[in-house]
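>>> dropping a prediction and its sequence here:
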Amino acid sequence: MADQRIYAGDLTRQEFAERVDQGNLRAAIVPTGATEQHNEHLEMIHDTLHVTHIAGQAALRLFPQVVVATPIPIGVSEHWMAHRGTLTVRPEIFCEYVFDVCHSLQRAGIRNILILNGHGGNVKPLMRRLEEYQDKLQVNLRFNSYWDVYDPVLVRQYMELGRLPGHACEYETSTMLALEPQRVHVAAIRNEGAAAATRDKGEALLEPAIAGVADVLRRMIAGEEIDLPPVTFRAEGRVHMLTGEVL
Ligand SMILES: [Zn+2]
């Protein structure tokens, strides 16, 4: 069977070095997730699983040019600590940890690094440090959440509440119904958004996320400028996550 290994950790040191030295390996994804409460019906690992799936599928499409670093499974979730079981790290620790992973990849010769995020609470802390990290690493370093790539028209078409990713709501419940339905505890659904979730919506929205992330990587490798602000989708539209402006 053809070699389709896309996780850095699945390669031996020699295989990794050869891929870089032969010019086959051009970019890396560092997935950042969370382990936090996701209401009564979704499991706490949701964001980490979701972003890892999208990272892996995007890397496969560009194989062997992209490798996926071991995902970072705990993020900034202080706002959910009232719900026991949530795991959080302080923003400064989280950012420095992510930086060190990126620094490791830079030291290994990777010139394009995409921090691909799957948890809203990680966005502001990392965006505040991004320029500093770009200066320090002197590589093509980007930070985006996987949902930043969505076309607002598509979001409106499938999400009755207009929200994406939301939290344990219509989108996340739909995508998990498509990915690993046994992880959606349907009988425990309590919120209106999650009740509107379907497997079909999840399937319709997973593919464009994978294609969009693969495209970001392709353009990073090609050295193209990429204008992709950190956003979230709400009923009022596509909202910039730092400025609150509707785009
Ligand atoms: Zn989530």
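Structure received.
>>> sketch out the low-pLDDT regions of this structure for me.
Of all residues in the chain, those with pLDDT under 70 make up the ranges 1.
>>> mind redoing it with 50?
Applying pLDDT under 50 to the chain flags no residue at all.
>>> any idea which helix is longest in it?
When the chain is parsed with DSSP state H, its longest helix is helix 199-221.
>>> which is the next helix or strand following that one?
Proceeding C-terminally, helix 199-221 gives way to strand 231-234 as the next helix or strand, assigned by DSSP states H and E.
>>> what sits up against the following helix or strand past that next one?
Next helix or strand after strand 231-234 toward the C-terminus (DSSP H and E): strand 237-240. By Cβ atoms under 8 Å, 6 or more residues apart in numbering, the surrounding residues in contact with strand 237-240 are 152, 155, 162, 229-233, 245-247. (C-beta placed from N, C-alpha, C; glycine too.)
>>> any chance of those in TSV, plus distance to the ion and neighbour count?
Output for the contacts of strand 237-240, formatted as TSV (distance: Cβ to the ion, whole Å; neighbours: other Cβ atoms under 10 Å):
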residue	distance to the ion	neighbour count
Pro152	20	14
Val155	16	20
Gly162	17	17
Pro229	20	15
Pro230	16	21
Val231	16	24
Thr232	12	18
Phe233	14	22
Glu245	23	11
Val246	22	11
Leu247	22	10
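>>> could you dump these to TSV with distance to Thr12?
As requested, the contacts of strand 237-240 are arranged in TSV below (distance: Cβ to Cβ, whole Å):
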residue	distance to Thr12
Pro152	43
Val155	41
Gly162	47
Pro229	39
Pro230	36
Val231	39
Thr232	40
Phe233	41
Glu245	47
Val246	49
Leu247	44
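>>> rewinding a little: remind me what the longest helix of the chain packs against, helices and strands.
Here helix 199-221 touches strand 27-32, helix 46-61, strand 112-117, strand 140-145, helix 152-158, helix 170-179, going by 3 or more Cβ pairs under 8 Å, 6 or more residues apart in numbering; DSSP states H and E.
>>> any chance of JSON lines for the ones you listed, columns distance to Gly75?
JSON lines is the format used below for the helices and strands packed on helix 199-221 (distance: least, Cβ to Cβ, whole Å):
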{"stretch": "strand 27-32", "distance to Gly75": "6"}
{"stretch": "helix 46-61", "distance to Gly75": "7"}
{"stretch": "strand 112-117", "distance to Gly75": "8"}
{"stretch": "strand 140-145", "distance to Gly75": "11"}
{"stretch": "helix 152-158", "distance to Gly75": "23"}
{"stretch": "helix 170-179", "distance to Gly75": "15"}
